[in-house]
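Pasting the sequence and the predicted coordinates here, then a few questions.
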Amino acid sequence: MKKDDAMEFDALFEAQLSTLRSEGNYRVFAELERYQGAYPKAVRHTDDEQRDVTVWCSNDYLCMGQHPAVLQAMHDTLEKSGAGAGGTRNISGTNHYHVQLERELADLHHKEDALLFTSGYVSNWASLGTLGSRLPNAVILSDALNHASMIEGIRQAKCDKKIWNHNDMEDLRRKLEECAPDATKIIAFESVYSMDGDIAPIKEVCDLADEFGAMTYIDEVHAVGMYGPRGAGVAEREGLMDRITLIEGTLGKAFGVMGGYITGSAALCDFIRSFASGFIFTTALPPAVAAGALASIKHLKESEMERQRQRRQVAKLRTALDKAGIPHIDNPSHIVPVMVKDPVKCKMISDVMLDEYGVYVQPINYPTVPKGTERLRFTPGPMHTDADIEHLVFALGELWKHCALARAVA
Ligand SMILES: *Cc1c(COP(=O)(O)O)cnc(C)c1O
């Protein structure tokens, strides 16, 4: 690469970055240092200082990322097995802990088998891509608000696709009716949608799937660990797991570690295992990570305490917001979206909360959510104290005044 060329390449990069900046969509990451045992407190690093902040937007929903049982399992396995897996699953990388974890996941969802991936993103991308490209006359029917990883998987599949309006059963029916008689139909959707915190009508989707002979593919990423008596998700809570063809989840959110997975019939898992490039051609998860996730799942299968405490704090935050007249989306999940409805104010409130109140919540702007629905997305956990909630709502109240934002009427 010649020096002049290098500058021209950089100019190409900068041109697109400046468009992003002028649209207000340029992303800035907060640099955090989490302290084991101090969750939800963390230290935020900037160029000139370090400051304590309270994290209000973590997906480590239940604080399992710092649970003693998880850490112990990871320490033990690190000592025993070392750092990395040493290979892809195919070539020397399949570790005892991967196999144990897959068994545990199959048991969690009452399925015959499970398959581990390096992340939830990869599990969606690889599984939908493989199903859509390999099955005869495949049509993927995708909810309009599905996650980027599912959208990319569908794109990768290059099969027919139909987007149905979010959670709209009449539209799903119409789209199913449009499919050719010989089509292999795959309905892809999520249980808890993470931006609005609403929950899909899973039973109604399954009823339609049965009527039209379609497969069901559900992403329970924001629900595993959190819902159902053993933390297997919303489908478990509603007694519907056996009606879902493929359940996808993550080990990186409520389970607090890292990795993704699918569960389903033995034939389905064997099919994805055998044909999915994103499963085969990548180094397997470190054994210690698999052992940590295993400990986390086992713990949350038995323990309701984390879920109960978390729900209590979610309810307390909602009540406090209502009292202060701060508008938020009322939904049946653990996600509390506070609506600012203005991208500049949303970013500004988030900045001031962080700099002046030590409250960290990431602003959520377009294209993650539609324009005009910009928001701050709070995820209270079992370790947020009542004082944390009080401080948060006080700070929001001050900023609401300052920005002359509308209050919700009780
Ligand atoms: C975060 C997320 C994923 C990806 O999971 P990771 O394990 O973080 O890669 C998939 N689906 C949804 C809905 C998500 O929010």
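Here it is on my side, so go on.

What residues does the stretch 201-350 of the chain have near the ligand?
Within the stretch 201-350 of the chain, the positions lying close to the ligand (CB under 6 Å from any ligand atom) are 219, 221, 222, 250, 252, 260. C-beta: built from backbone N, CA, C; applies to glycine.

separation between residue 86 and residue 304?
Computed as CB to CB, to the nearest Å, the residue 86 to residue 304 distance reads 38 Å.

what about the two, which has more around it?
Between residue 86 and residue 304, counting by other CB atoms under 10 Å, residue 86 is the more crowded of the two (15 against 12).

ok, the more buried one touching residue 285?
No: the pair residue 86 and residue 285 does not pass the contact test of CB atoms under 8 Å, sitting 11.5 Å apart.

Please list the outside residues in contact with stretch 89-97.
Residues from elsewhere that reach stretch 89-97, judged by CB atoms under 8 Å, 6 or more residues apart in numbering: 77, 81, 85-87, 98, 279-280, 283-284, 287-288, 290-291, 294.

Quote the end-to-end distance of it.
12 Å (CA to CA, to the nearest Å).

So which bits of that stretch are buried?
Across stretch 89-97, burial judged by 16 or more other CB atoms under 10 Å covers 89, 93, 94, 95, 97.

Turn those residues into JSON lines, including secondary structure and distance to residue 43.
Shown next, in JSON lines, are the buried residues of stretch 89-97 (DSSP: H, G, I helix; E, B strand; the rest coil; distance: CB to CB, whole Å):
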{"residue": "89", "secondary structure": "helix", "distance to residue 43": "37"}
{"residue": "93", "secondary structure": "helix", "distance to residue 43": "35"}
{"residue": "94", "secondary structure": "coil", "distance to residue 43": "38"}
{"residue": "95", "secondary structure": "coil", "distance to residue 43": "34"}
{"residue": "97", "secondary structure": "helix", "distance to residue 43": "31"}
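
which of those residues sit farthest apart?
Pairwise distances among these were taken by CB to CB; the largest, 12.4 Å, belongs to 89 and 97.

For the helix or strand where residue 263 lies, enumerate its sheet partners and note whether each is parallel or antiparallel.
For residue 263, the host element (DSSP states H and E) is strand 260-264. Strand 260-264 sits in its sheet next to strand 113-117 (antiparallel), strand 246-250 (antiparallel), going by DSSP bridges.

Mean neighbour count, the ones you listed: which tops it?
strand 246-250 (a mean of 28; mean count of other CB atoms under 10 Å).

Need the contact partners of that strand.
By CB under 8 Å, 6+ apart, the residues outside strand 246-250 that reach it are 105, 109, 111, 119-120, 123-124, 127, 131, 215-221, 223-224, 233, 235, 241, 259-264, 268.

mind redoing it with 6 Å?
109, 120, 123-124, 217-221, 224, 260-264 (CB atoms under 6 Å, 6 or more residues apart in numbering).

which residues touch the residue of the stretch 251-400 of the chain found nearest the ligand?
Closest residue of the stretch 251-400 of the chain to the ligand, CB to the nearest ligand atom: residue 252 (4.0 Å). Contacts for residue 252 were tallied using CB under 6 Å, 6+ apart; they are residue 258.

Next one, pLDDT for it please.
You'll see residue 252 listed with a pLDDT of 98.

you'd agree residue 141 is in a helix?
No: remark: residue 141 does not belong to a helix; assigned using DSSP: H, G, I helix; E, B strand; the rest coil, it is strand.

Buried residues of stretch 162-171, list them for me.
For stretch 162-171, burial by neighbour count (16+ other CB under 10 Å) applies to 162, 163, 164, 166, 167, 171.

Show me the helices in the stretch 251-400 of the chain, by range?
266-275, 277-280, 287-302, 305-324, 343-357, 386-402 (DSSP state H, counting those that start in this stretch).
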